[in-house]
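Novice: Predicted coordinates and the sequence they were generated for:
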Amino acid sequence: MEKSWAWAILAACCGHVGLAGEALAAPFDFVALGDTAYNVPGDYPAYEALIRTINASKPAFSVHVGDIFGVAPCTEALYKTHVDYFDRFSRPLIYTPGDNEWVDCHFSEPALRDATRGTFDTAAFVAGKGADIGVERLRGLRRTFFPTARSLGAETIPLTRQGDGAAFPDVVENARWTHGGVLFSTFHVPGTHNGLSTTSELASAEMIGRNRANLAWLEDAFATAKSQKLPAIVLFLHADIFEMVHAEPPQFGTSISSHVLKGGSQGPFYWFALRLVQLAEAYDGQILLVHGDGHRFIIDRPMTIFRGEKEPPLRPNITRLQVYGAPEIRAVRVTVDTDTPWVFSFSPLYNRQ
C-alpha cells in the first residue's frame, strides 16, 4: 500500500546500530529496478520512459535485480536487445540475473510448453530436459552480460567479481563495489526454486555449486565491510525468498524470519537466509536486502524477530526492499545517508511517457 511519499519515515523503523567514530560520506542516491518489459512490445515504451526518468534523476548507479523480460525464447538476440537497453542508462548499471533469463527458458520451448498445456507447472520445471535447457542458456547469459569486470551502462565502474578468483571461476555475475562508504554486492539467487531440479544431474550440480559460491560471497562481503568499518551493506538478488502470508507472523522465538521462508528449512533458499541472519547478528551496521520476483513494492523487516515489549527485537538492522514489477514498470530511488541512524530512505520513480 503506497501512502503519499512517506516511505522515508518507514525506513526509520530500522533502529540504529551504526559504527562510531567513522568519517561520514555525503548522501547519495542509487536506483533499483527489476521484472521489466514482460509484455512486449507494449512494455518497451514504458521501459524506455523509465530509463529516461532514471537518467534525469542522476543516481550514482542503478541495479537491475533480474527478469529483464517475461517468459520468452532465451535467444542471443534477445539478450543483446537488453544489453542495448542497459547501455541507455547514462550512469553505471549493475545487473544480477533472474529466472526468466535462464531457469524458465524451457517454458517458451513449444514441445515442453505443449506437454504441460501451457501452464507454469513445477512438474515442468523439474523435468530433466527443461532444467538442462536452462543451464545451457546460463552459459550464453554469462558471455553476453558479464564479459569484463566492469558494470554496464554508458558510464561504467570497475567491479570486484567472484568469478575472477580461483574458487568459483564460473560465477562472474557475483560482483561487489563500494560507494560513499557503503558496500554493495550482488548474488545470483533467481526465483523458481533457485534453479533447483530433482531430476537433472546437470542442473543439480549447477545449483549446488552456485549456492556454495553465494554463501562464500556473502561471508566475504560481511568480512570486507567489517574490516573496513563500513556502516552499511546493500545486498542484491532476484528471488523473493519469502512466502506471502495473511496470518499474523510469530512474535516470539528464534526462527530465521518472522515471515515464512519459501521451502522452509528444506528449501532452496534456506542456507542463504540462514547465513545472512547469522552474519547480520555479528555486524553493527545497517543491511538492506533488495530483490524483485514478487512484482510488488514492499519495504519491511521480514527477518526481524519481535520478542514482546521488554526485550529488544532480534536482527533489527535488516531492511528488505522488493522493487516494482510488470505490469508496473517503475523503479525505486534509494537515498543513502550514513549520517542518519536508519541510513536508507526510499522514493518511487514512475515512467513518464
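Specialist: Ah, there it is.

Novice: contacts, neighbours, all on C-alpha from now
Specialist: Noted.

Novice: lowest-pLDDT helix or strand in the chain?
Specialist: Sorting the helices and strands of the chain by mean pLDDT, DSSP states H and E puts helix 7-11 at the bottom, at a mean of 42.

Novice: how far out from the middle of the chain is the helix or strand following that helix?
Specialist: Downstream of helix 7-11, the first helix or strand assigned by DSSP states H and E is strand 28-33. Strand 28-33 sits 13 Å away from the centroid of its parent chain (Cα atoms, centre = their mean, to the nearest Å).

Novice: which other helices and strands contact strand 28-33?
Specialist: strand 62-64, strand 330-336 (3 or more Cα pairs under 8 Å, 6 or more residues apart in numbering; DSSP states H and E).

Novice: okay, those in JSON lines with mean neighbour count, mean pLDDT and distance to residue 259 next?
Specialist: As requested, those are exported to JSON lines (neighbours: other Cα atoms under 10 Å; pLDDT from 0 to 100; distance: least, Cα to Cα, whole Å):
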{"stretch": "strand 62-64", "mean neighbour count": "26", "mean pLDDT": "98", "distance to residue 259": "25"}
{"stretch": "strand 330-336", "mean neighbour count": "22", "mean pLDDT": "98", "distance to residue 259": "23"}
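
Novice: Between these, which one is closest to residue 219.
Specialist: strand 62-64 (21.1 Å; Cα to Cα).

Novice: For the residue lying farthest from the centre of the chain, give its distance to residue 259.
Specialist: In the chain, the residue that sits farthest from the middle, by Cα atoms, centre = their mean, is residue 310; the gap is 34.1 Å. Noted for residue 310: a distance of 22 Å to residue 259, by Cα to Cα, to the nearest Å.

Novice: ok, now which ones touch residue 343?
Specialist: Residue 343 sits next to 232, 286, 335-337 when contact means Cα atoms under 8 Å, 6 or more residues apart in numbering.

Novice: of the residues you listed, closest to residue 154?
Specialist: For the contacts of residue 343, the residue nearest residue 154 by Cα to Cα is residue 335; the value is 22.0 Å.

Novice: if I read this right, residue 342 contacts residue 286, doesn't it?
Specialist: Yes. Taking Cα atoms under 8 Å as the definition, residue 342 is a contact partner of residue 286 at 7.3 Å.
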